[in-house]
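Chemist: Sequence and predicted structure are below.
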Amino acid sequence: MSSTSLRTFFQKPAFGLLVMRLTIGALMTYYGAAKFLGAFNNGVEQFGQIGKNIVVLGIPAPDDSITAILFGIAAASAEFFGGICLVLGWFFRPAALAIFFTMVVATVMKIQVSDGELSEFAYAMVMGLITFGLLWTGPGGIALEGESKAKSAAPAKKPAKKK
């Protein structure tokens, strides 16, 4: 493979965005599903355990409060449904924003409980920052959202005039 063909092979931003979307989306979907499955096994207390982490942003949420349960459901939904949306490239920016905020809470919480140990909070921080970056780039051309925008952006064909 010549250097020219190798260079053109790697100049495919739509493919690069697809790889990032598939990777992050699959991981988020997996972890979101684990949260929902944990709730099936442990009841709504599972959501309370997840949602109580919102206290790092100054929102009071004791373990079994409705606030903690709702934030836990929101976090699990952001990861599960947001991950699916990232993979498909559908409702991309709202999904990326929800995942970003979930990862901000996770990062701050992990920093506090680990006394700043990088290995404890790096995963959530990196996932959040990459998702934040994806907010600016959009889903790319290989996406359900990209397909519909490309079709709507195409100029409409005018009917031929009769003489």
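Modeler: Happy to help now that I have it.

Chemist: and the nearest residue to residue 140 once chain neighbours are set aside, what element?
Modeler: Once flanking residues are discounted, residue 140 sits nearest to residue 17: 3.2 Å by C-beta to C-beta, 6 or more residues apart in numbering. For the C-beta atoms, the positions are set from N, CA and C on the backbone; glycine is no exception. Element membership of residue 17 [criterion: DSSP states H and E] is helix 13-42.

Chemist: helices or strands up against that helix?
Modeler: In terms of contacts (3 or more C-beta pairs under 8 Å, 6 or more residues apart in numbering; DSSP states H and E), helix 13-42 is packed against helix 45-51, helix 66-88, helix 118-137.

Chemist: Just the mean pLDDT for the shortest one, thanks.
Modeler: Across helix 45-51, the average pLDDT comes to 92.

Chemist: so what secondary structure elements neighbour that helix?
Modeler: Against helix 45-51 (3+ C-beta pairs under 8 Å, 6+ apart) you get helix 13-42, helix 66-88.

Chemist: Next: the longest one.
Modeler: With contacts defined as 3+ C-beta pairs under 8 Å, 6+ apart, the packing partners of helix 66-88 are helix 13-42, helix 45-51, helix 92-113.

Chemist: what angle separates the helix holding residue 17 from helix 92-113?
Modeler: Between helix 13-42 and helix 92-113, the angle comes out at 60 degrees (axes from the mean of the first three to the mean of the last three C-alpha atoms, to 10 degrees).

Chemist: Pull out the buried residues from helix 13-42.
Modeler: For helix 13-42, a neighbour-count test (16 or more other C-beta atoms under 10 Å) marks 17-18, 20-21, 24-25, 28-29, 31-32, 35, 38-39 as buried.

Chemist: how distant is it from the center of its chain?
Modeler: Taking C-alpha atoms, centre = their mean, to the nearest Å, one finds the center of helix 13-42 at 8 Å from the center of the full chain.

Chemist: Give me the angle between that helix and helix 66-88.
Modeler: Calculated by the same axes, to 10 degrees, helix 13-42 forms an angle of 140 degrees with helix 66-88.
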